[in-house]
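In: Give me the fold of what follows.
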Amino acid sequence: MRNFNSINEPIDREEVVPPELGGQRFDKIAADLFNEFSRAELARWIEAGVLTVDGRVIRGKSKLVGGEILHLAAERVSREAWQLPQPMSLDILFEDDHLLVINKPAGLVVHPGAGNASGTLVNGLLHYRPQLTHLPRAGVVHRLDKDTSGVMVVAGSDTAEKSLVRLISNRQVKRQYLGIAEGRMVGGQDVDQPIGRHPQVRTRQAVRADGKPAYTEFRVQERFRTHTLVQAVLGTGRTHQIRVHLQSIGFPLVGDRRYGAQVRLPSGAAKNLVAALQQFPRQALHAREIAFDHPLTGQSLSFQAPLPQDMAQLVTLLRADAERE
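Out: Predicted structure coming up:
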């Protein structure tokens with residue numbers, strides 16, 4: 001087994017305890033507000049005194065009232081291949097000294113983690129541009145799920161990294177997606193529902209009253225007999241946001257078994273369409289466009305990635321099926 005050098009990732013984060021979480025234990029609230037970290041990690045940080053409440057070190061079982069400030073100042077030790085360059089074919093849509101814009105294929109994990117120690121986009125980026133090793137997360141400022149395809153921006157310099165993080169935080173980066181949903185939408189919908197970790201299944205997210213604010217605009221691009229090609233524009237960037245919000249309004253993505261897809265088939269559909277729907281290997285979601293101001297020049301930039309072959313072929317089959325009526 002290959003041994004990877006461990007690296008320390010500094011973390012400095014603050015979260016305010018919302019009133020609706022008042023009365024719950026500190027460790028449970030921390031798990032909700034810092035849900036990208038495991039409960040074991042958070043428990044160690046609470047015990048070590050690097051996750052504090054209003055500047056005080058308290059026990060994890062202590063109850064909070066709401067309004068407190070949780071401050072996490074820690075170092076996360078990563079033993080995955082964060083600094084290992086690996087040759088990889090990258091579909092680069094744009095690059096200069098400060099930016100890389102990538103069209104990520106479905107199936108590619110963005111960065112090393114549990115179950116994916118190497119062979120990720122980060123490893124490929126480090127091979128293509130070795131100086132990225134000096135940037136946090138090798139310049140990756142936002143993520144796409146493993147099985148979501150499409151356009152991503154990567155910082156190429158320290159100045160660009162800080163600027164892009166700020167733009168994303170201030171919602172000044174436009175991210176537009178296309179998805180193929182089960183069900184026939186009558187019209188567009190704006191979904192403003194908070195999202196947090198699923199209470200029973202830690203690998204899933206869910207709409208929940210005590211979650212973080214999440215807003216998505218859905219617009220119909222094309223209707224088929226039993227499916228809809230949907231445009232989604234993110235107002236926030238929560239984990240699995242589009243997938244969770246579509247499930248919450250009754251239109252899960254084709255292939256997204258984790259979030260409610262049931263392989264809906266049009267009555268009397270051709271065999272090739274039935275097979276395509278039954279065998280679609282991933283959630284049918286593609287990041288089509290990203291737009292933002294260049295972090296150094298201020299120039300307005302917009303980049304698009306065309307639908308990948310699997311989604312384009314499914315749209316063609318659904319369109320042909322609709323035209324048979």
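In: Tell me where the stretch 51-200 of the chain is predicted with low confidence.
Out: When residues are selected by pLDDT under 70, those of the stretch 51-200 of the chain lie in 76-82, 114.
In: Show me where it has its strands.
Out: In order along the chain, the stretch 51-200 of the chain carries the following strands (DSSP state E, counting those that start in this stretch): 51-53, 69-78, 92-95, 99-104, 149-155, 174-182, 189-192, 195-197.
In: packing partners for the last one?
Out: Under the contact criterion of 3 or more C-beta pairs under 8 Å, 6 or more residues apart in numbering; DSSP states H and E, strand 195-197 touches helix 26-33, strand 205-207, helix 241-248. C-beta: built from backbone N, CA, C; applies to glycine.
In: Show me what that strand is in contact with.
Out: With C-beta atoms under 8 Å, 6 or more residues apart in numbering as the test, strand 195-197 has contacts from 31-32, 35, 204-208, 210-212, 214, 238-241, 244-245.
In: could you redo the last one with a cut-off of 7 Å?
Out: 32, 35, 205-208, 210-212, 214, 238, 241, 244 (C-beta atoms under 7 Å, 6 or more residues apart in numbering).
In: nearest to His286, of those?
Out: If you rank the contacts of strand 195-197 by distance to His286 using C-beta to C-beta, Gln241 comes first, at 14.9 Å.
In: Could you give the number of residues near the closest one?
Out: Using other C-beta atoms under 10 Å, Gln241 is surrounded by 22 other residues.
In: Tell me who's in contact with it.
Out: Shown in contact with Gln241 (C-beta under 7 Å, 6+ apart): Ile195, Ala214, Thr216, Leu234.
In: how about JSON lines for the residues you listed, with distance to Ala40 added?
Out: Conversion of those to JSON lines gives the following (distance: C-beta to C-beta, whole Å):
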{"residue": "Ile195", "distance to Ala40": "23"}
{"residue": "Ala214", "distance to Ala40": "26"}
{"residue": "Thr216", "distance to Ala40": "31"}
{"residue": "Leu234", "distance to Ala40": "30"}
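In: on that earlier part again, so which of the contacts of strand 195-197 wins on neighbours?
Out: Across the contacts of strand 195-197, neighbour numbers were computed from other C-beta under 10 Å; Val244 holds the maximum, 27 neighbours.
In: Do I have it right that that one meets Gln205?
Out: Yes - the pair Val244 / Gln205 is scored as a contact, 5.1 Å apart, by C-beta atoms under 7 Å.
In: re earlier: relative to Val122, which of the strands of the stretch 51-200 of the chain is closest?
Out: strand 149-155 (9.2 Å).
In: Against which helices or strands is that closest one packed?
Out: Judged by 3 or more C-beta pairs under 7 Å, 6 or more residues apart in numbering; DSSP states H and E, the packing partners of strand 149-155 are strand 99-104, helix 158-169, strand 285-293.
In: Any chance of a markdown table for those, columns distance to Asp27?
Out: Formatted as a markdown table, the entries for those read as follows, by distance: least, C-beta to C-beta, whole Å:
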| stretch | distance to Asp27 |
| --- | --- |
| strand 99-104 | 35 |
| helix 158-169 | 26 |
| strand 285-293 | 33 |
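In: Go through those and name the closest to Gly22.
Out: In terms of C-beta to C-beta, the element of the helices and strands packed on strand 149-155 nearest to Gly22 is helix 158-169, at 25.9 Å.
In: Ile180 reaches Leu314, doesn't it?
Out: Yes - checked against C-beta under 7 Å, the pair Ile180 and Leu314 is within contact range at 6.0 Å.
In: Now do the closest residue to Met88 other than its chain neighbours against Leu84, distance only.
Out: Taking C-beta to C-beta, 6 or more residues apart in numbering, and ignoring the residues beside it in sequence, Met88 has Gly124 as its nearest neighbour in space, at 3.0 Å. Applying C-beta to C-beta, to the nearest Å, the value for Gly124 to Leu84 is 10 Å.
In: Would you tell me which helix is longest in this protein?
Out: Of all the segments of type helix in the chain, defined by DSSP state H, the longest one is helix 309-323.
In: Name the residues of that helix that are buried.
Out: Across helix 309-323, burial judged by 16 or more other C-beta atoms under 10 Å covers Asp310, Met311, Leu314, Val315, Leu317, Leu318, Asp321, Ala322.
In: What distance do you get for Glu161 to His240?
Out: Glu161 sits 24 Å away from His240, going by C-beta to C-beta.
In: swap in Ala320?
Out: Distance, Ala320 to His240, using C-beta to C-beta: 31 Å.
In: Same question for Gln131.
Out: When C-beta to C-beta is applied, the distance between Gln131 and His240 equals 32 Å.
In: Compare neighbour counts for the two and give me the winner.
Out: When neighbours are counted by other C-beta under 10 Å, Gln131 and His240 differ, and His240 comes out ahead with 22 against 12.
In: give me every residue that touches the closest residue to the more buried one other than its chain neighbours.
Out: Of all residues beyond its chain neighbours, the one nearest His240 is Gln205 (4.6 Å), with distances taken as C-beta to C-beta, 6+ apart. Remark: with contacts taken as C-beta under 7 Å, 6+ apart, Gln205 is in contact with Ile195, Gly196, Arg197, His198, Arg238, Thr239, His240, Val244.
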